[in-house]
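> Sequence first, predicted coordinates after that:
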Amino acid sequence: MKSLPITLSVYYRVLSREFENMNLAGAAGTWSETTIAGHTADLYEPPHASEHGYVVLYLHGVHLTRLKDNAAYCREFDRHGLSVIAPLTQRSWWSDRICPEFDAQVSAERFALEPVLRFIERRWNAAPPGIALLGTSMGGQGGLRLAFRHPRTFPIVAAVSPAIDFQMRLDEGDEVLAQMYADAEDARQDTATLHVHPLNWPRQIWFCCDPADQRWFESADKLRMKLAALGIPHQCDLETSAGGHGWQYYDHMAGAALEFIARSLEQERLRAD
């Protein structure tokens, strides 16, 4: 008889956790797939979308990892009420050059600027500046480059571990980049840092890179120094370390990246008003 209260206590704790899990499951957003101009894109609808219809355009990395099963980012999308579109573009987010494994006629940049933006407007009735760029690794470089080239269309960009000096991959024999660039110097001239304009930049810039990321940290730090030298407002975190280059670090920085995006979207809305 003395063990009964303990047993009941355990039972109620288990039951309470089950109800909690059910509630969390019910509160989660939903992923779906669509086709835009012949290419697949993942879509995310948070359980309670922002009343202002904010949208995140996610640019994936070179390994094509999708966010649809990523708890860290989904949790942040839900917390801020952000709808998400994540086109699958193969290994093409590096630049505005044609990448044959993605599309023989349209670059990833042109794809984002035209059919993807049209889709966002139809689906969510959203338009700049209510659309923010988020990218990881290759997509981080692509997002920064896209924002630097089109700052009025994309005034908000957050890049996690951006692979900025991607010309290094050409020297290592990257077969996709070899189809897009004549040589490493040709590629270097097309990196995000070389597209920074001293008089025309996105108003909301944030990027981060783990100091233990031996491959890409130096180029992120060079971007920081160039922006600072030109007096271009930006925010960056080049101090936090959480596993180097990879999803352990990306997930660790999800909260900071999405907090920046949510705050910037609101600032841009108030500015437009």
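Everything's here; your move.
> State the number of residues packed around the residue nearest to residue 267 when sequence neighbours are not counted.
Counting by Cβ to Cβ, 6 or more residues apart in numbering, residue 204 is the residue found nearest to residue 267 once chain neighbours are left out, at 7.1 Å. The way it works is simple: take the backbone N, C-alpha and C, and place the C-beta from them, glycine included. Residues lying near residue 204 (other Cβ atoms under 10 Å) number 25.
> do the same with residue 44
Other residues within reach of residue 44, judged by other Cβ under 10 Å, total 22.
> beta partners of it?
Beta bridges link residue 44 to residue 31, residue 84, judged by DSSP bridges.
> and it, what pLDDT?
According to the predicted model, the pLDDT of residue 44 comes to 98.
> Verify the stated contact: it with residue 77.
Yes. Here residue 44 reaches residue 77: they are 5.9 Å apart, a contact under Cβ atoms under 8 Å.
> Between the two, which contacts overlap?
Overlap between the contact sets of residue 44 and residue 77, as judged by Cβ atoms under 8 Å, 6 or more residues apart in numbering, is given by 29, 83-84.
> which one of those sits closest to residue 221?
Closest approach to residue 221 among these (Cβ to Cβ): residue 84, at 29.0 Å.
> per-residue confidence for the closest one?
98.
> list the contacts for the nearest residue to residue 30 once chain neighbours are set aside?
The spatial neighbour of residue 30 that comes closest, neighbours along the chain excluded (Cβ to Cβ, 6+ apart), is residue 45 at 5.2 Å. Contact partners of residue 45, counting by Cβ under 8 Å, 6+ apart, are 29-30, 32, 83.
> how close does the residue nearest to residue 267 sit to residue 143?
With distances defined as Cβ to Cβ, to the nearest Å, the gap from residue 204 to residue 143 amounts to 12 Å.
> Mutual contacts of the two, please.
Going by Cβ under 8 Å, 6+ apart, residues that sit against residue 204 and also against residue 143 are residue 157.
> Please produce a ChimeraX select command covering the buried subset of the contacts of residue 45.
When burial is assessed using 16 or more other Cβ atoms under 10 Å, the buried subset of the contacts of residue 45 is captured in ChimeraX by this command:
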select :29,83
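> Pass me the low-pLDDT residue ranges in the protein, would you?
Per-residue confidence of the chain (counting by pLDDT under 70) places the weak regions at 1-27.
> how about the helices in it?
In the chain, helices defined by DSSP state H lie at 4-27, 71-80, 108-111, 117-124, 138-149, 167-171, 175-180, 184-188, 217-230, 247-252, 254-272, listed in chain order.
> Let's have those helices in CSV, adding mean neighbour count.
Rendered in CSV, the data for the helices of the chain read as follows (neighbours: other Cβ atoms under 10 Å):
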stretch, mean neighbour count
helix 4-27, 10
helix 71-80, 19
helix 108-111, 20
helix 117-124, 16
helix 138-149, 28
helix 167-171, 19
helix 175-180, 16
helix 184-188, 17
helix 217-230, 17
helix 247-252, 18
helix 254-272, 18
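> Could you find the closest non-adjacent residue to residue 153?
Nearest residue to residue 153, sequence neighbours excluded (Cβ to Cβ, 6+ apart): residue 128, at 5.1 Å.
> ok, now how distant is that neighbour from residue 155?
Separation of residue 128 from residue 155 (Cβ to Cβ) stands at 7 Å.
> Of the two, which one has the most company?
residue 155 (24 against 18).
> what sits against that one?
Going by Cβ under 8 Å, 6+ apart, the list of residues near residue 155 reads 128-129, 147, 202-204, 264, 268.
> thinking again about what came up before, might one say that the residue nearest to residue 153 is in contact with residue 152?
Yes. Counting by Cβ under 8 Å, residue 128 sits close enough to residue 152 to count as a contact (7.0 Å).
> Can you list the buried residues in stretch 234-250?
Counting neighbours by 16+ other Cβ under 10 Å, the buried set in stretch 234-250 is 234, 236-238, 244-247, 249-250.
> mind exporting stretch 71-91 as CSV, just the C-alpha atoms?
The C-alpha trace of stretch 71-91 is given here as CSV (Å, rounded to 0.1, in the frame of the first residue of the first chain):
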residue,chain,number,x,y,z
ALA,A,71,13.6,20.9,-35.1
ALA,A,72,15.8,23.8,-34.2
TYR,A,73,14.7,25.9,-37.2
CYS,A,74,11.1,24.8,-37.2
ARG,A,75,10.9,25.8,-33.5
GLU,A,76,12.1,29.3,-34.4
PHE,A,77,9.8,29.6,-37.4
ASP,A,78,6.9,28.8,-35.1
ARG,A,79,8.0,31.1,-32.4
HIS,A,80,8.1,34.1,-34.8
GLY,A,81,5.2,33.1,-37.0
LEU,A,82,7.4,32.9,-40.1
SER,A,83,6.3,31.2,-43.3
VAL,A,84,9.1,29.6,-45.2
ILE,A,85,9.9,28.7,-48.8
ALA,A,86,13.0,26.6,-49.5
PRO,A,87,13.6,26.0,-53.3
LEU,A,88,15.8,23.0,-54.1
THR,A,89,18.3,24.2,-56.7
GLN,A,90,21.1,21.6,-56.6
ARG,A,91,24.6,23.1,-56.2
